[in-house]
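A.B. asks: Sequence and predicted structure below; questions after.
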Amino acid sequence: MPYDSQYTPETITPEALAHSQGPLLIEFGTNWCGFCKAAQPHIRAAMEAYPGVEHVKVEDGKGRRLGRTLGVKLWPTLIFLKDGQEITRLVRPDNREDIDTALAEIQDR
């Protein structure tokens with residue numbers, strides 16, 4: 001799945017995540033967040049090396065159920081899932097290597 005540069009309103013539910021199949025990266029943040037913007041080159045580069053991982057960018061904020069359900073407090077938060085189970089998460093990643101490591105973990109399982 002190609003890299004998506006924009007966060008979009010929630011279109012996925014916690015229940016749908018629990019039943020998802022395969023590797024999945026959920027990225028929480030906002031389009032105006034400075035930390036989110038700074039992380040994008042690292043996320044984009046890492047995602048290009050893992051085309052089999054689905055990438056969903058979710059706009060987060062007050063009153064957003066999905067982010068609250070998953071305990072998201074800072075942006076960006078990357079949650080790496082495999083077959084509906086959280087494997088790892090990164091909060092405010094600042095390098096590609098950490099993202100690559102997490103993607104490899106969900107890709108190889």
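C.D. replies: Now that the structure is in, tell me what you want to look at. Numbering: from 1, shown residues only.
A.B. asks: C-alpha from now on. contacts and neighbour counts both.
C.D. replies: Fine.
A.B. asks: other SSEs contacting the longest helix that the chain contains?
C.D. replies: For the chain, the helix with the greatest residue count under DSSP state H is helix 34-48. Applying 3 or more C-alpha pairs under 8 Å, 6 or more residues apart in numbering; DSSP states H and E, one finds that helix 34-48 makes contact with helix 96-108.
A.B. asks: buried sites along the helix it packs on?
C.D. replies: Residues of helix 96-108 classed as buried: 96, 99, 100, 102, 103, 104, 105, 106, 107 (neighbour count, 16 or more other C-alpha atoms under 10 Å).
A.B. asks: Just name the closest of those residues to residue 14, please.
C.D. replies: Using C-alpha to C-alpha, residue 106 comes nearest to residue 14 of these, at 18.8 Å.
A.B. asks: From residue 60, how far out is the residue nearest to residue 36 when sequence neighbours are not counted?
C.D. replies: Nearest-residue entry for residue 36: residue 76, 5.1 Å, with adjacent residues in sequence omitted and distances by C-alpha to C-alpha, 6 or more residues apart in numbering. Applying C-alpha to C-alpha, to the nearest Å, the value for residue 76 to residue 60 is 9 Å.
A.B. asks: The residue nearest to residue 77 when sequence neighbours are not counted: what's it in contact with?
C.D. replies: Nearest residue to residue 77, sequence neighbours excluded (C-alpha to C-alpha, 6+ apart): residue 91, at 4.5 Å. Going by C-alpha atoms under 8 Å, 6 or more residues apart in numbering, residue 91 touches 74, 75, 76, 77, 78.
A.B. asks: How about the contacts made by the second one?
C.D. replies: Think residue 75. 28, 29, 30, 33, 35, 36, 91, 92.
A.B. asks: Report how many residues lie close to the fifth one.
C.D. replies: Residues within reach of residue 35, counting by other C-alpha atoms under 10 Å, total 16.
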